[in-house]
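Enquirer: for reference, the sequence and a predicted model appear below.
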Amino acid sequence: MVDRLYGAEGEQYSHPMVSFFSVAFKFTAIGFYILCSLVIHNFVIQFVITVFLVALDFWTVKNVSGRLLVGLRWWNDINDEGESVWHFESLDQQSLMALSKKDSWLFWWSLYLSPVIWLGLGLIAIIKFNFDYLLVVVVALVLNIANIVGFTRCQKDAKKQIEDFARQTVGARVASSLQSAFSV
């Protein structure tokens, strides 16, 4: 296990426990779903435990892994008018640049790979006419896709904030240079 925490260049994960659990909850849920489908054949046990593991994954990725591994956090509120309002937080540009590329790579790959696997399991459930098992897959997909949408929008918002800051900084310097050039 320790050997897997080092990259080819010897770089370590900045947050090895967070990285481990970020991946472990995803693939434990998938593994348990497959194991139950093959061996146990008890839908209630499979549903309850798999949904619990997927919910742990959702919460961990949304509230811990995203913040520590990629410096992003999102949430959604319903305002007084009943409209959905998205909120995004990100680290400042300097802190974002200091984040481990290995942590970021692991976060984004596991975030996008997990729903692909769930889609495959959903197709298998449809082919086998196991529509009750498809319900588990739908719950897993909804939670995984919610995290994808949230973090993708959060990342775009963070990039926009960095671009806006850069424009303001460059604009202020150009204006300052022009002002000093004409005031002499």
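Expert: Good, I have the coordinates.

Enquirer: contacts only, for Asp110.
Expert: For the record, residue 110 is Ser, not Asp. Residues near Ser110 by Cβ atoms under 8 Å, 6 or more residues apart in numbering: 22-23, 26. All C-beta atoms are positioned from the backbone trio N, CA, C, and that covers glycine.

Enquirer: go again with 6 Å.
Expert: 23, 26 (Cβ atoms under 6 Å, 6 or more residues apart in numbering).

Enquirer: show me where the protein has strands.
Expert: 72-78, 84-90 (DSSP state E).

Enquirer: need these in CSV (columns: distance to Ile127).
Expert: Listed next are these as CSV, based on distance: least, Cβ to Cβ, whole Å:
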stretch, distance to Ile127
strand 72-78, 34
strand 84-90, 35
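
Enquirer: where does this protein dip in pLDDT?
Expert: Across the chain, the ranges flagged by pLDDT under 70 are 1-11, 158-184.

Enquirer: please enumerate the helices of it.
Expert: Counting by DSSP state H, the chain has helices at residues 16-35, 43-60, 66-69, 93-98, 101-127, 131-182.

Enquirer: thinking again about what came up before, pick the most deeply packed of the strands of the chain.
Expert: Of the strands of the chain, the one with the most neighbours on average (mean count of other Cβ atoms under 10 Å) is strand 72-78, at a mean of 16.

Enquirer: what helices or strands is that one leaning on?
Expert: If contacts are counted by 3 or more Cβ pairs under 6 Å, 6 or more residues apart in numbering; DSSP states H and E, strand 72-78 sits against helix 66-69, strand 84-90, helix 131-182.

Enquirer: can you give me the angle it makes with helix 101-127?
Expert: On the basis of axes from the mean of the first three to the mean of the last three Cα atoms, to 10 degrees, strand 72-78 is oriented at 50 degrees to helix 101-127.

Enquirer: Cys154 and Trp118, how far apart?
Expert: 22 Å (Cβ to Cβ, to the nearest Å).

Enquirer: same drill for these two, tell me which one is more crowded.
Expert: Counted by other Cβ atoms under 10 Å, Cys154 and Trp118 do not tie: Trp118 has more neighbours, with 25 against 22.

Enquirer: which residues touch the more buried one?
Expert: Counted by Cβ under 6 Å, 6+ apart, Trp118 has contacts 137, 140-141.

Enquirer: Ile117: neighbour count?
Expert: 18.

Enquirer: picking up where we left off before, out of the helices of the chain, nearest to Trp75?
Expert: helix 131-182 (7.9 Å; Cβ to Cβ).

Enquirer: what does stretch 23-43 rub up against?
Expert: Residues from elsewhere that reach stretch 23-43 (Cβ under 6 Å, 6+ apart): 46, 49-50, 53-54, 56-57, 60, 110, 114, 117, 132.
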